[in-house]
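*Asks:* got a sequence here, can you build the structure:
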Amino acid sequence: MYLDELTKDISKYLDKEVTLHGWIRNHRPQKTFGFIDFSDGTKNKHMQIVYDDKITDFDSIVKFNIGSTIEVVGTLVKSEGKGQDYEVKASKITLLGDATNEYPLQPKRHSYEYLRTIATLRPRSNVFQAVFRVRSVAAFAIHSYFQERGYVYVNTPLITANDGEGAGEMFQVTTLPIEKLNGKVDYSKDFFSKKASLTVTGQLEGETFAHAFSKIYTFGPTFRAENSHTPYHASEFWMIEPEIAFCDLDKLMDIEEDMLKYVISYVLDHCKDEMEFLDKFVEKGLIEKLTKVVNSKFTRVTHEEVINILQKADIKWEYEPKQGEDIAKEHEKYITEYFNGPVFIHTWPKDIKAFYMKQNADGKTVAAVDLEVPGSGELMGGSQREEDYGKLTRRIEELGMDVSSYDWYTDLRKYGTCVHSGFGMGFERLLLYITGMENIRDVIPYPRTPGNLEF
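*Replies:* Predicted structure coming up:
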């Protein structure tokens, strides 16, 4: 029996014999009795196992190490001690898998930096039990949101010949013997007979399916060869990218707001123990923060208006806000505090945004939007896509990109195009916000960052 089964209707098993399998999280043996903090990973809250010297093999049991795997047979009873409502009074404890005295995960507070060095064991720690269960539930919530609304889930390719963002920060994929190559590379001899890379986005392929199914979404890994050493960047991460036909920028913001509120509400409802733990030990006021987001109306403001607000603020900025330029982390923080909640910043300068975004009539801006949330900054980025064939191809040429390599994408505009929009949300960015963790390396099982390819 697993702990989640046991606790689902715990009164059903009260004063009855149960058999559990799991791991020793802490062990406090005394002269004539002992306590084991027991977990099988199915619940964030552990079960206390109590035994005394009348149990068979008492002298061996008191020597069981932290981290060991055990089978427990005993009676579920109401606890007489503090800290738990129920406990199991053991009649038999069997060692299934011993852990040595060198077991690295001891019952004390370890730093997140240390836990990253033992990434194979950190899922057993209390904080990462909570984080990764929230990750699982949040992923399910995302699928549920789109599936309940008739979206088609599309698996876009991970290997591509196109740079979806036009930034060139891509990992190359090759079977050529790179250690023997000198000079110019002959890609005709490579596996795909052309230059290939890991994808930075599934958006472009997603748009082709939106033109067939109207509403689609992708949810999968993406890769950026960006040499960033910040708490918010990773080289491998997961993206949620819906693409919606017959949808303009205003409707897109409606969908973004609705989806975020749905996912947060779902996690709060289905991860109560985990969220209470994270609220207590990771970020004080976390549940209150998230509840406020769910109950708030998101502000919508243009990029130009944001810059005006920032320039009028009585603050010495590290990066001076300027019209036509991007905003910094400090600006994002100020704007969410200024409006006291999440903020959609829309209508961005064309020159700092991607080639596929809808060009506005002023010739200077595009129909793009970023969602800024309190305490985290940018969480989503989206836009209405450019449906005009001429404008799209000219923009690709202006940026010095090869138009011919995007002909399959631009041709969509010749074969029954329509107003359509989409957005992208980094899953790990969302998890940072929901869990209160501060580093992207701590919300993904095995982080891939510059100079780090462990495990």
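*Asks:* who are the neighbours in contact with E256?
*Replies:* F344, V369, L371, M380, G382, F423 (Cβ atoms under 8 Å, 6 or more residues apart in numbering). Just so you know, the C-beta spots here come from the backbone N, C-alpha and C atoms, and that holds for glycine as well.
*Asks:* who wins for neighbours among these?
*Replies:* In terms of neighbour count, G382 stands highest of these at 28 neighbours, by other Cβ atoms under 10 Å.
*Asks:* please flag which of the contacts of E256 sit within strands.
*Replies:* Counted as lying in strands by DSSP state E, out of the contacts of E256, are F344, V369, L371, M380, G382, F423.
*Asks:* tell me the buried residues in stretch 286-305?
*Replies:* L286, I287, K289, L290, V293, F298, T299, R300, V301, H303, E304 (16 or more other Cβ atoms under 10 Å).
*Asks:* now the end-to-end length of that stretch.
*Replies:* Start-to-end span of stretch 286-305 (Cα to Cα, to the nearest Å) is 30 Å.
*Asks:* swap in stretch 384-401?
*Replies:* 21 Å.
*Asks:* before we move on, what about stretch 401-418?
*Replies:* 24 Å.
*Asks:* let me see the ranges of the strands in the stretch 101-250 of the chain.
*Replies:* 152-153, 159-160, 172-173, 196-198, 215-223, 236-245 (DSSP state E, counting those that start in this stretch).
*Asks:* among those strands, which is nearest F33?
*Replies:* Among the strands of the stretch 101-250 of the chain, the nearest to F33 by Cβ to Cβ is strand 236-245 (47.0 Å).
*Asks:* name the helices or strands packed onto that closest one?
*Replies:* Using 3 or more Cβ pairs under 8 Å, 6 or more residues apart in numbering; DSSP states H and E as the contact test, the elements touching strand 236-245 are helix 203-213, strand 215-223, helix 249-270, strand 420-426, helix 427-435.
*Asks:* try it again at 6 Å.
*Replies:* Under the contact definition 3 or more Cβ pairs under 6 Å, 6 or more residues apart in numbering; DSSP states H and E, strand 236-245 sits against helix 203-213, strand 215-223, strand 420-426.
*Asks:* circling back: right, so of the strands of the stretch 101-250 of the chain, which gets closest to D407?
*Replies:* Checking those against D407 by Cβ to Cβ gives strand 159-160 as the closest, at 14.7 Å.
*Asks:* partner strands of the closest one, parallel or antiparallel?
*Replies:* Paired strands of strand 159-160, with direction, are strand 196-198 (antiparallel) (DSSP bridges).
*Asks:* what's next to the partner strand, contact-wise?
*Replies:* The contact list for strand 196-198, computed with Cβ atoms under 6 Å, 6 or more residues apart in numbering, reads I159, A161, M170, F171, Q172, V173, F223.
*Asks:* find the nearest non-adjacent residue to the third one, please.
*Replies:* Once its chain neighbours are removed from consideration, M170 has its nearest residue in S197; the separation is 3.9 Å (Cβ to Cβ, 6 or more residues apart in numbering).
*Asks:* before we move on, what about P107?
*Replies:* Among residues not flanking P107 along the chain, N26 sits closest, at 4.1 Å (Cβ to Cβ, 6+ apart).
*Asks:* what is the nearest residue to S79 once chain neighbours are set aside paired to in the beta sheet?
*Replies:* Using Cβ to Cβ, 6+ apart and skipping residues adjacent in sequence, the residue nearest S79 is E87, 4.4 Å away. On the basis of DSSP bridges, E87 is bridged to Q48, V77.
*Asks:* Y217 contacts I244, doesn't it?
*Replies:* No - using Cβ atoms under 6 Å, Y217 is not in contact with I244; the gap is 9.0 Å.
*Asks:* sorry, back to before: closest to T75 out of the contacts of E256?
*Replies:* Closest approach to T75 among those (Cβ to Cβ): M380, at 51.1 Å.
*Asks:* and the pLDDT at that closest one?
*Replies:* Reported pLDDT at M380 in the predicted model: 96.
*Asks:* okay, it and G400: tell me how far apart.
*Replies:* 28 Å (Cβ to Cβ, to the nearest Å).
*Asks:* over to G22?
*Replies:* Using Cβ to Cβ, G22 is found at 58 Å from G400.
*Asks:* who has more neighbours, the two?
*Replies:* Using other Cβ under 10 Å, the more surrounded residue of G22 and G400 is G22, with 21 against 7.
*Asks:* that one belongs to a strand?
*Replies:* Yes - secondary structure of G22 (DSSP: H, G, I helix; E, B strand; the rest coil): part of a strand.
*Asks:* pLDDT score assigned to it?
*Replies:* Note for G22: predicted pLDDT of 97.
*Asks:* correct me if wrong: it contacts I36.
*Replies:* No - between G22 and I36 there is no contact, the gap being 9.8 Å when judged by Cβ under 6 Å.
*Asks:* where does the protein dip in pLDDT?
*Replies:* 166-168 (pLDDT under 70).
*Asks:* what number of residues lie near the closest residue to T69 other than its chain neighbours?
*Replies:* Leaving aside its sequence neighbours, T69 sits nearest to G97 (Cβ to Cβ, 6+ apart; 3.6 Å). Neighbour count of G97, defined by other Cβ under 10 Å: 9.
*Asks:* does G97 really touch I70, like I thought?
*Replies:* No - applying Cβ under 6 Å as the test, G97 and I70 come out as separate, 8.3 Å apart.
*Asks:* which residues of the stretch 101-250 of the chain fall in helices?
*Replies:* 112-117, 126-148, 203-213, 249-270 (DSSP state H, counting those that start in this stretch).
*Asks:* need phi/psi at the residue lying farthest from the centre of the chain.
*Replies:* Farthest-out residue of the chain from its mean C-alpha position, per Cα atoms, centre = their mean: K54, at 48.7 Å. With angles defined as degrees, to the nearest 10, K54 sits at phi -80, psi -10.
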